[in-house]
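Undergrad: what's the 3D shape of this:
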Amino acid sequence: MSYNQSPTVQVRGTTAKIVDDQDGGGLDKYKEPDKYAELVTWVVAKTDAWRTWRNTQYEQKWNSYERQWRGEWSATDRLRQSERSKIVGPALSEAVENAAAEIEEATFGRGVDYFDVGPLHNQKLEAAPTMAPPGMPMGAEAPPGMLAPMPQAVAAVAPPTDRDKVETVRGALKEDLGLTDFAANTAMCILNAAVFGDGFAEIRVADRKLREAIVDDVTDMMASKVTVRPLAGLEPVHPRNMLYDPNAVTLHDGLGCAVEENMSLHLILAAKKTGDFRKEAECSVETADRTLQGDQVTQGAQYEEDHVPVIRYYGLVPKKMLNPVQKDTAELFPEEKKESDSAEYEDGEYVEAIVVICNKKSALKVESNPYAMEDRPVVHFPWDRVPGRLSGRGICEKGLNSARILDAEIRSRLDSLAYVTAPMMGMDATRVPRGMKLTVQPGKTILTSGPPGEALYPFKFGQLDPNHFQNAQALQAMVQQATGSVDATALAAGIGDARSGAVSMALAPVIKRYKRTMVHFLDLFLMPALEKITNRNMQYNSERYPTVALKFKAASTMGIMQREYESSQLTALLATMEPNTPPHRAVLLGIIGNSSIPNREEIMKMVRDEDGRQAMAADQALAAQSDPAMQQMQAHAAQLAIAKEQAAIEKLQSETLLNTVKAEEAKNSSELEMMQLATKGIYGLPAEQQAAEFDNRIKMAQVVLQGEQIKEKAADRDSNERITVMQMSQSAAEKQRDREHKERLEERKLAIAARKAAKQPSK
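TA: The predicted structure follows:
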């Protein structure tokens, strides 16, 4: 219906005309209502009731926890009216920081490898299709005498297996979690849980612009390449901004839950332009609700412009409200309605939906749950579980009373210190000028009537109690006992005098507390968050995330305190074991795995490889001992090896002797030549006699050399004969063993035949 013309409606059977009133507000007064008005009213009514219940139960407690954690003073924290000091001790804040840091260290202390992922089910791979013989249909069995079908040739590009898909998802997920600041946002949820008792987070999917630096080919200058792809990320939600069904124990078994926050106006307008929000939804800037800022402690001016209060509801809604029927125009007049018809929708038929409302009156987005797994995009974990209640119990709730008593003790001492240290004077009012300011300060002149010693009297009001320090230490121990925190300074000072067993017993309760919280965090928050993020990435970015059933597992569940505790125990156990044994290497792997050295994985791989080699050698030795044939073969191999070694030694000795003879021959020949040259023409001996003598000596040397060669050949022949004899004996033994085996088989067959013949009745 166009509002440029005066509309007409049927009222009690009479045609009526709607006209503009004088101020121009008539058309707005009778404007056609939004089709989701009933749904908005229903959701706002539920969330208002949940908010009222939550604030009644937890608002004052949360304010106390936050002030104590941040060190903010409030008059409501006074334990007595005469308190003047406003100091807040750091004991509870230290306990919160230690606990949160321990969980963060256990989760993200080893870098990006804080989780592992694998296939959920071991699916069987299909066999490759086969090629049937000519004349046979595909899949038919080959007749007798025909060759069996041969498998077809493997395609050039094989389809990816589950293992390949898992590796692809693992790499893409670790990269995208870094782009969405997953670790930093998770750390904020851990801190909220430590302070308020609950860590809430919301899983959002949004198109993210990724810029990559490139070099422009034309200008040869740096430019940027923009890639837009959907990314699922985790956003922390402050407990003050979370609404949930009070009857529920988890966020997924209740009617629903909602996240409320002040959203910037430009984000809503941009979402309308892209189609994420309804364009016909009205949205106006209102005064920002400070309760949605997540900060109730810091005092100061709040920026309240361009903020729109938004409620994002995730849960069940009546099916009739989600798909409403267009109402008649006559229902524009509220005076004609006898009673509200919202009750007709409460028929018990609900459907999971997502509803986004702004200003508590306009629906920005209404749709049924669009996610493939039909789960709600929220995760939650309590620091400590309270039976029958969704909200948990945090560090501040545990140590609040002890911290308040400690603060009262410290404030009492400071108040007493002011009375002791500040100068106080007693004066005779009749001896000081009228209207004089009775204060004491350096350099001030005080006028008195008469001697000042009689009119003025300095005095101190009481003394400091020396037990204040001891009481403060005892109260500090109470805070640590209540919160499970550890005083690092006192522990380091006492380790030198304490035995290792005493230190282990002291740390055991603290480590058990942290481990219990770690189990809650992993099972209820971290693993479900990773599963939800991965499922949404598979749904909205299937090119980067192939669809495969996954199972997530935490890579580390120990904080630095527990790792140091277990490393000390393993080190003491390592000293009692024999080195280079499998138990010794197993304990060594545990110590290296708990350490934080950069090349930890390389060292562990080296230890595992050495352990594998020794285990293989031990298995081979055990197999050789259990098999007689193997033992005999190893004995023959050992004898052959010994024979080869002996032959090699004899050959080496003969070569050494030959070289010695050759050296002697060369030496003798050189000496003979020198003698010939030296005696030539001196003694006048006949040349024939000298030549004959030289020839004789050469022949003697050759005879000796031939004898050594004959010995070497004889040694080689003996060695070959021994090897041949051994091989023949081994072959004869094997033949004898085979013959005996056949004889036993024949005897067994004859025995069986005899038994059968004995059983048959005689004819």
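
Undergrad: What strand or helix carries E261?
TA: strand 256-264 (DSSP states H and E).

Undergrad: after that strand comes which helix or strand?
TA: helix 265-274.

Undergrad: what's the average pLDDT for the next helix or strand after that next one?
TA: Scanning forward in sequence from helix 265-274 by DSSP H and E, the next helix or strand is strand 307-318. The pLDDT scores in strand 307-318 average 92.

Undergrad: how many degrees apart are strand 307-318 and helix 265-274 in direction?
TA: Angle of strand 307-318 versus helix 265-274, following axes from the mean of the first three to the mean of the last three Cα atoms, to 10 degrees, is 50 degrees.

Undergrad: Number the chain from 276, please
TA: Done: numbering now begins at 276, and the last item shifts to strand 582-593.

Undergrad: Relative to strand 582-593, what are the paired strands and their orientations?
TA: strand 531-539 (antiparallel), strand 625-633 (antiparallel) (DSSP bridges).

Undergrad: Can you give the distance from the first one to the centre of its chain?
TA: If you compare the mean C-alpha spot of strand 531-539 with that of the full chain, they lie 28 Å apart, counting by Cα atoms, centre = their mean, to the nearest Å.

Undergrad: residue contacts, A830?
TA: Counting by Cβ atoms under 8 Å, 6 or more residues apart in numbering, A830 touches R385, D388, Y389, F390, D391. In short, each C-beta sits where N, CA and C put it, glycine included.

Undergrad: If you go by neighbour count, which of those are buried?
TA: Y389, F390 (16 or more other Cβ atoms under 10 Å).

Undergrad: For the strands paired with strand 582-593, give me CSV that also has mean pLDDT and mean neighbour count.
TA: Listed next are these as CSV, based on pLDDT from 0 to 100; neighbours: other Cβ atoms under 10 Å:
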stretch, mean pLDDT, mean neighbour count
strand 531-539, 92, 22
strand 625-633, 93, 21
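
Undergrad: Could you point out which of the ones you listed sits nearest Q716?
TA: strand 531-539 (50.3 Å; Cβ to Cβ).

Undergrad: For the contacts of A830, work out which two are farthest apart.
TA: Comparing every pair within the contacts of A830 by Cβ to Cβ identifies R385 and D391 as the most remote, at 11.8 Å.

Undergrad: for the stretch 376-525 of the chain, which spans come out with low pLDDT?
TA: Along the stretch 376-525 of the chain, segments meeting pLDDT under 70 span 396-435.

Undergrad: Can you show me the strands along it?
TA: Remark: strands assigned in the stretch 376-525 of the chain by DSSP state E, counting those that start in this stretch are 390-394, 405-406, 425-426, 473-490, 497-512, 517-519.

Undergrad: could those strands go into TSV alongside distance to A638?
TA: Shown next, in TSV, are those (distance: least, Cβ to Cβ, whole Å):
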stretch	distance to A638
strand 390-394	37
strand 405-406	59
strand 425-426	59
strand 473-490	19
strand 497-512	21
strand 517-519	17
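
Undergrad: With I629 as the reference, name the closest of those.
TA: strand 473-490 (11.4 Å).

Undergrad: Describe which strands the closest one pairs with in its sheet and in which direction.
TA: Sheet pairing here is set by DSSP bridges, and for strand 473-490 it gives strand 497-512 (antiparallel), strand 653-657 (antiparallel).

Undergrad: Please name the residues that touch E940.
TA: A976, L980.

Undergrad: gap between it and K986?
TA: Taking Cβ to Cβ, to the nearest Å as the measure, E940 falls 18 Å from K986.

Undergrad: just D437 next, same as before
TA: Going from D437 to K986 by Cβ to Cβ gives 71 Å.
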